[in-house]
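Chemist: Provided below are the primary sequence and the corresponding predicted coordinates.
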Amino acid sequence: MSGSPVPKLSGQEFTGERVIPGQVNDDLWAEHVSRYVFASRFASYARVLDVGCGTGYGTSELSPVAHAVIGIDAAQEAVAYAREHFSSTGGKFLRASAAALPFRAEAFDLVTAFEVIEHVVDWHSLLAEARRVLAPSGVFLVSTPNKLYYTESRGLDGPNPFHEHEFEYQEFRTALQEFFPHVDVLQQNRLEAVGFLPATRRPLEARIDRAQGLPADASFFLAVCSIGELAATRTFLYVPRAANVLKEREQHIKLLEHDLRKLIEDHSNLAAKHTDLTKHLEEQNRWAQELQELWKETQQRVVELQEEFRAEQQRAEQVVSAYAAKVADLEDENRQKTKWAQDTERRLTADLVAQSGQLAETLRLLDHAESTVVERTHWAQKLDQQVHQMEAQIELIRHSRWVKLGRKAGLGPKVDPW
């Protein structure tokens, strides 16, 4: 790629499915960018469409040699990243679906779709759209992982959750031939090489022994597809850095040794922790055994208490039965006493009513007697008064001179001298 990788974009999480410059190792970076270096051989003065451009680094790689380059991606955050970091290189970036390209027919001389087709559910539409927008003399470059190798390399990780459909060699070729008359499927592999390099840049010669490998062993497939017939594609080598690989490997081995020592140290620490944990576990087991014994004793005590409770419950039921019988007797006695009280109350009420009548008659007679007494008292008082008056008259008569003379003469009433 032209220039150095741009810095890591904050907030972009690396999953391995989208290459973010500055966030991948050298081998992974070379694996992806080499496809665009290969594609640049077909991009000279061409109208180029980069389908599934991702973060835009590949579109930027094609821009210096192409007439115009457009990168499209379905993810808005990828398009935003590409516009921010690679618009200055001349590429344009749009959000669009690979299965429905927003361009007129035969609009491009070169269409690339690297590591996209396995992510698309409707990959038939992707191929149909690539055929539609490709000029009759144009080239369509498409790559995908080899399903056989990729499945083996993932091992225990299992299927890639980001992939909708993966291809084997013959399936990939057959699918492309449904849309393009001419298909040349190349194998993309990482190769070992020995370089003899001068201090200054000079033309490169290369000899490749036994370069033809088996498709089943390939890491990736990169197909060159066209509508019209093209010249046979020449073998292409991409050397990402002309450096001493052995020295780099030795440095890498030193780093691995350092990591190994750290792992050994960590393992020792873990072993010590394991010993401590084992000891702690034994103590916990003893404690658990003691708890189990205590639990058994508690269970036995619970059984005993349950038996005592049942016995107490039986005694309580007997007491309750006796109490219920006593209550029944008391209730019967109470009913009898209540009946006696009610009968007595009725009798006394009747007696009281009768006596009340007699008392009323007695009171009437008393009132009459009292009236008689009062009347006779008044009569007696009147008689007494008359007696006093008569006594006074008699006294007056007795002392009268005339009476005395009449007595002497034998005349007048005879008045006893009392």
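Modeler: On my side now, so go ahead. Residues are numbered from 1 along each chain as shown.

Chemist: Just the element for residue 355, please.
Modeler: Residue 355 is part of helix 245-398, with elements assigned from DSSP states H and E.

Chemist: Give me the mean pLDDT for that helix.
Modeler: If you average the pLDDT over helix 245-398, you get 84.

Chemist: in the stretch 1-150 of the chain, what spans have low per-residue confidence?
Modeler: 1-17 (pLDDT under 70).

Chemist: just the helices in it please.
Modeler: 26-39, 57-62, 76-86, 123-133, 147-154 (DSSP state H, counting those that start in this stretch).

Chemist: Which neighbouring elements make contact with the second one?
Modeler: Translated: helix 57-62. Packing partners of helix 57-62 (3 or more C-beta pairs under 8 Å, 6 or more residues apart in numbering; DSSP states H and E): helix 26-39, strand 47-51, strand 68-73, helix 76-86, strand 108-114. Where you see a C-beta, it was placed from the backbone N, CA and C, and this is true even at glycine.

Chemist: contact partners of that helix?
Modeler: 1-2, 5-6, 19, 21, 32-33, 35-37, 39-40, 43, 48, 50, 53, 69-71, 82, 86, 89, 91, 93, 110, 112, 114 (C-beta atoms under 8 Å, 6 or more residues apart in numbering).

Chemist: Mind giving me the ChimeraX select for the residues you listed, buried ones only?
Modeler: Selection of buried members from those for ChimeraX, criterion 16 or more other C-beta atoms under 10 Å:
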select :1,5,6,19,21,32,33,35,36,37,39,40,43,48,50,53,69,70,71,82,86,89,91,93,110,112,114
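
Chemist: quick revisit: same list (the helices and strands packed on helix 57-62) but as JSON lines, adding distance to residue 229.
Modeler: Shown next, in JSON lines, are the helices and strands packed on helix 57-62 (distance: least, C-beta to C-beta, whole Å):
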{"stretch": "helix 26-39", "distance to residue 229": "20"}
{"stretch": "strand 47-51", "distance to residue 229": "21"}
{"stretch": "strand 68-73", "distance to residue 229": "26"}
{"stretch": "helix 76-86", "distance to residue 229": "34"}
{"stretch": "strand 108-114", "distance to residue 229": "16"}
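
Chemist: Tell me which of these sits nearest to residue 296.
Modeler: The minimum distance between residue 296 and the helices and strands packed on helix 57-62 falls on helix 26-39, with 61.9 Å, by C-beta to C-beta.

Chemist: and the angle for the closest one with strand 108-114?
Modeler: 160 degrees (axes from the mean of the first three to the mean of the last three C-alpha atoms, to 10 degrees).

Chemist: Against which helices or strands is helix 26-39 packed?
Modeler: If contacts are counted by 3+ C-beta pairs under 8 Å, 6+ apart, helix 26-39 sits against helix 57-62, strand 108-114, strand 134-145, strand 182-188, strand 220-226.

Chemist: residues in contact with it?
Modeler: 1, 5, 16, 19, 21, 24, 57-58, 61-62, 110, 112, 114-115, 141, 143, 188, 190, 219-220, 222, 236, 238, 240-241.

Chemist: For PyMOL, what selects the buried ones among those?
Modeler: Buried members of the contacts of helix 26-39, defined by 16+ other C-beta under 10 Å, are picked up in PyMOL with:
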select buried, resi 1+5+19+21+24+57+58+61+62+110+112+114+115+141+143+188+220+222
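
Chemist: rewinding a little: closest to residue 207 out of the helices and strands packed on helix 26-39?
Modeler: Minimum separation from residue 207 across the helices and strands packed on helix 26-39 (C-beta to C-beta) falls at strand 182-188, 18.5 Å.

Chemist: Parallel or antiparallel, which strands does the closest one pair with?
Modeler: strand 220-226 (antiparallel) (DSSP bridges).

Chemist: could the helices and strands packed on helix 26-39 go into TSV alongside distance to residue 395?
Modeler: Below are the helices and strands packed on helix 26-39 laid out as TSV (distance: least, C-beta to C-beta, whole Å):
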stretch	distance to residue 395
helix 57-62	173
strand 108-114	175
strand 134-145	174
strand 182-188	182
strand 220-226	179
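
Chemist: of all these, which lies closest to residue 302?
Modeler: Nearest to residue 302, of the helices and strands packed on helix 26-39 and by C-beta to C-beta, is strand 134-145 at 66.0 Å.

Chemist: tell me what the closest one is packed against?
Modeler: By 3+ C-beta pairs under 8 Å, 6+ apart, strand 134-145 packs against helix 26-39, strand 108-114, helix 123-133, strand 220-226.

Chemist: Isn't residue 119 up against residue 161?
Modeler: No: at 11.0 Å, residue 119 does not count as touching residue 161 under the criterion of C-beta atoms under 8 Å.
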